[in-house]
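**Q** How does the following fold in three dimensions:
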Amino acid sequence: MADGFESAKGPRAASPAQPQAQIDAALRLAGVSDAERARIAAHLKSLSGADLQRELLLLQQVLATPNARAAIGTYDRVLGMSKESPRAAQRLPPELRHALVKGVADPRTTTTTGHEGILVQAQAELAARTLLHMPQAQFEQAKLLLSRAGQGGAHGLNEARADAGAERAFILKFIAQRSERLRANPADAATGGSDTEASRTMDEISGMADDMRAMSRTQLIRVNS
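**A** Down below sits the predicted model:
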């Protein structure tokens, strides 16, 4: 899937056959609750132009996956987090929210036993919450890692076969798995932000991200299984 990290060319326009009413009908068919559908509808109504087209395209793609229900739940929950405060809106912009949703939506493999995403809904929500609360320096480092996904590996891997979306999903999974170590705390603040538990943890994630950059999806799944 294309995403906001790769949007230099802009999102493809959503099909005229899939306006907001059709999206809502598809959400209902997928078993999405009335409350979730109402929140999603209100969000779509607040958008226009390219922003609306990008959101409709994401929802279309997610609803076509075997993990649609969990991914829509992630979409609703992370969207809600992004609206908690101005800081939350800055920490969870559309491209980051979309990466979380796609990490849940896209099956790990094409086999009948590989339908679950790289992220499960609980992990995606934990990653989002961790991004909200980590120190600013580590947040900036996380954003940089996510933006570099698929753009040339440390070992000269072939970018043509890279799966940037899968790389981002694994980076976000690593963040969720290390949530407690990445949160800001008073002891770290007293050090002035250098050589803290959060900084060491993000350096660890950075090394892992560098090692897997530009791998194919098959390689990514294998080395992280």
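
**Q** so Ala124 touches Val104, yeah?
**A** Yes. Using C-beta atoms under 8 Å as the test, Ala124 is close enough to Val104 to be in contact (5.2 Å). Every C-beta, even on glycine, is put in place using the N, C-alpha and C of the backbone.

**Q** Need the overlap of contacts for the two.
**A** Common neighbours of Ala124 and Val104, using C-beta atoms under 8 Å, 6 or more residues apart in numbering, are Thr74.

**Q** quick one: low-confidence ranges for this protein?
**A** 1-4, 6-18, 112-114, 153-159, 187-193 (pLDDT under 70).

**Q** make it 50
**A** Regions of the chain meeting the criterion pLDDT under 50 cover residues 8-9, 14-17.

**Q** ranges for the strands of it?
**A** Using DSSP state E, the chain contains no strands.

**Q** Break down it into its helices, ranges please.
**A** Counting by DSSP state H, the chain has these helices, from start to end: 20-29, 34-45, 49-63, 68-82, 86-91, 94-105, 121-133, 136-148, 164-177, 179-182, 186-189, 197-212, 217-223.

**Q** got the contact list for the last one?
**A** Yep, that's helix 217-223 we're talking about. For helix 217-223, the surrounding residues in contact (C-beta under 8 Å, 6+ apart) are 108-109, 114, 118, 163, 166-167, 170, 212, 215.

**Q** Return the closest of those with respect to Thr74.
**A** Closest approach between the contacts of helix 217-223 and Thr74, by C-beta to C-beta: Ile118, at 12.3 Å.

**Q** Tell me the spacing between the closest residue to the closest one other than its chain neighbours and Ile221.
**A** For Ile118, ignoring the flanking residues on the chain, the nearest one in space by C-beta to C-beta, 6 or more residues apart in numbering is Ala169 at 3.8 Å. Look at Ala169 and Ile221: by C-beta to C-beta, to the nearest Å, they are 10 Å apart.

**Q** between these two, which one's more packed in?
**A** Neighbour count, other C-beta atoms under 10 Å: between Ala169 and Ile221, Ala169 has more, with 28 against 17.
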